[in-house]
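J.: please find the sequence and the predicted model below.
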Amino acid sequence: MDLIKLAFGDYPQYEELLLRKDKFEKEAFHWYEEYIRVFGKYLIDLFEAKIECIRLKKLIAFTQAEINKGLKPDREAIDALVNIQMQSYYEELKTMIKDHENSKMTETIPLYHVEKIKKIYREIAKVLHPDINPETAKDPVLKDIWNEVVTAYKCNDLERIEELQVLANKALNDRGFDKTSIVIENIGEKIKKLEEQINQIITTDPYNYKFLLEDAEEKNQRIKDLVDQTNEFKRYQKELEKILEDLLTGD
């Protein structure tokens, strides 16, 4: 087993990679929220148009099946059956709407607050991160503090993370924590895994949304594409409505 003590070997690289991974994950979350804030309305409009077409196609299929059996379609019964089948789409739509509403309530945090939060987080993480300090995962108090630290960091809550730094230091002092006693098992494998995870984060969405959102021309083109797609589905919706009406009226 590859055991590496804090003061030797690859530990500094391991620690830095852990902190970089957390940083990029936070940035990815930020760009996801910004993407939803900017494009959410257009994505919701498009999804609504899509699922209405799906609903109409289901209505047409069930109605046609009844006609093929020589029966008069029971519109109320068919509507009820289709609505049951559409529930997962409606739930997804509700989630999209909620995410968009939440994204609009995100506050703009002063840069110096963000930098201070980042600094405090790094200091806490170096002694409390479960991948650095195994005791955090074992001790309920340390684990709860760490979970709150992660939440405060992601939410850019400076006041709370300052409080948590005091609580973390006290909890570690009470337990006689000695940073030099940290031992990381299989550190070479963990470094390789962290490098792969970081590469995955920064080369995929939502992190890559930043390149779209920082380019005004690309951003406007994306909005136009979403609007065009929505209009296409709305045109298709009218065609489906006509087909359903003809089936129901016997034309």
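T.: On my side now, so go ahead.
J.: so what's the residue count around the closest residue to G40 other than its chain neighbours?
T.: Nearest residue to G40, sequence neighbours excluded (C-beta to C-beta, 6 or more residues apart in numbering): H100, at 3.3 Å. Backbone N, C-alpha and C define where each C-beta goes, glycine included. Close neighbours of H100, defined as other C-beta atoms under 10 Å, add up to 18.
J.: quick check, H100 in contact with V38.
T.: No: if you go by C-beta atoms under 8 Å, H100 and V38 don't touch, sitting 10.0 Å apart.
J.: what strand or helix carries the residue nearest to G40?
T.: Assigned by DSSP states H and E, H100 belongs to helix 87-104.
J.: run the angle between the top helix by length along the chain and helix 87-104 for me.
T.: Longest helix in the chain, counting residues (DSSP state H): helix 11-68. Going by axes from the mean of the first three to the mean of the last three C-alpha atoms, to 10 degrees, helix 11-68 is angled at 140 degrees with respect to helix 87-104.
J.: and the next element down the chain from helix 11-68?
T.: Note on helix 11-68: by DSSP H and E, the next helix or strand toward the C-terminus is helix 75-85.
J.: doesn't E34 make contact with S103?
T.: Yes: using C-beta under 8 Å, S103 is in contact with E34, at 7.5 Å.
J.: before we move on, the earlier item: who are the packing partners of the helix or strand that the helix holding H100 is followed by?
T.: Scanning forward in sequence from helix 87-104 by DSSP H and E, the next helix or strand is helix 111-128. If contacts are counted by 3 or more C-beta pairs under 8 Å, 6 or more residues apart in numbering; DSSP states H and E, helix 111-128 sits against helix 11-68, helix 140-154, helix 158-174.
J.: would CSV of those with mean pLDDT be doable?
T.: Output for the helices and strands packed on helix 111-128, formatted as CSV (pLDDT from 0 to 100):
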stretch, mean pLDDT
helix 11-68, 95
helix 140-154, 94
helix 158-174, 93
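J.: and E135, how many residues sit next to it?
T.: 16.
J.: check C53 too.
T.: That count, for C53 with other C-beta under 10 Å as the rule, works out to 18.
J.: could you do the one 3 residues further on as well?
T.: By the other C-beta under 10 Å criterion, the neighbourhood of L56 contains 19 residues.
J.: no further questions, thank you.
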